[in-house]
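In: got a predicted structure plus its sequence, pasted below:
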Amino acid sequence: MPAKSTGSAKKTTAKKAAKKKTTATATKKAAPKSAAKPVTKTTKPAAPKARPAKQPAAAKSSGQRVRVRQTRSGIGRRRDFRRTLEALGIKHHQGEVVVTRNPAIDGMLYKVRHLISVTPEE
């Protein structure tokens, strides 16, 4: 005995077909038309502008000794900030160290500049 078909299957199929049709037309309308750009030959790209190096407000000459004091806590900060403070030799909040300036130290000071204060050593 053949199974009786219900009318709901036909309605569902019609709804799906209508939905496919509307999404297909919507995507066709939304798709941007590509304009053919003429091929131009460039000889050399422009060199990027060099940005000036940012350094902490304290002494700017290399080889000078500076006093670094942690003024804000490392708790809740990114791991690389905490590890940078550790690499500078600061062991706890309000800790102070005296370091000799060089490009590596300058980079570390710049990275955690919002957590420290830098003053020239006399």
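Out: Yep, it's here.
In: can you report phi and psi for Lys111?
Out: Per-residue torsions, Lys111: phi -70, psi -40 (degrees, to the nearest 10).
In: tell me the confidence at it?
Out: For Lys111, the pLDDT comes out at 96.
In: what about it, how many residues nearby?
Out: Residues lying near Lys111 (other C-beta atoms under 10 Å) number 17. Placement of C-beta: from N, CA and C, glycine included.
In: mind listing what it touches?
Out: 80-81, 84 (C-beta atoms under 8 Å, 6 or more residues apart in numbering).
In: dump the residues you listed to CSV, plus distance to Pro120, secondary structure and neighbour count.
Out: As requested, the contacts of Lys111 are exported to CSV (distance: C-beta to C-beta, whole Å; DSSP: H, G, I helix; E, B strand; the rest coil; neighbours: other C-beta atoms under 10 Å):
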residue, distance to Pro120, secondary structure, neighbour count
Asp80, 26, helix, 11
Phe81, 24, helix, 15
Thr84, 21, helix, 21
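In: want to throw these into JSON lines with pLDDT?
Out: Formatted as JSON lines, the contacts of Lys111 follow (pLDDT from 0 to 100):
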{"residue": "Asp80", "pLDDT": "96"}
{"residue": "Phe81", "pLDDT": "96"}
{"residue": "Thr84", "pLDDT": "96"}
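In: out of those residues, who's nearest Ile90?
Out: Thr84 (9.2 Å; C-beta to C-beta).
In: so that closest one touches Val112, yeah?
Out: Yes. In this structure Thr84 lies within contact range of Val112 using C-beta atoms under 8 Å: 5.1 Å.
In: between the contacts of Lys111, which is nearest Thr71?
Out: Phe81 (13.4 Å).
In: show me where the protein has its strands.
Out: For the chain, the strands defined by DSSP state E cover 65-70, 96-100, 116-120.
In: where in this protein is pLDDT low?
Out: Low-confidence segments of the chain (pLDDT under 70): 1-12, 14-46, 52-62.
In: so where do the helices sit in it?
Out: 7-30, 79-88, 103-111 (DSSP state H).
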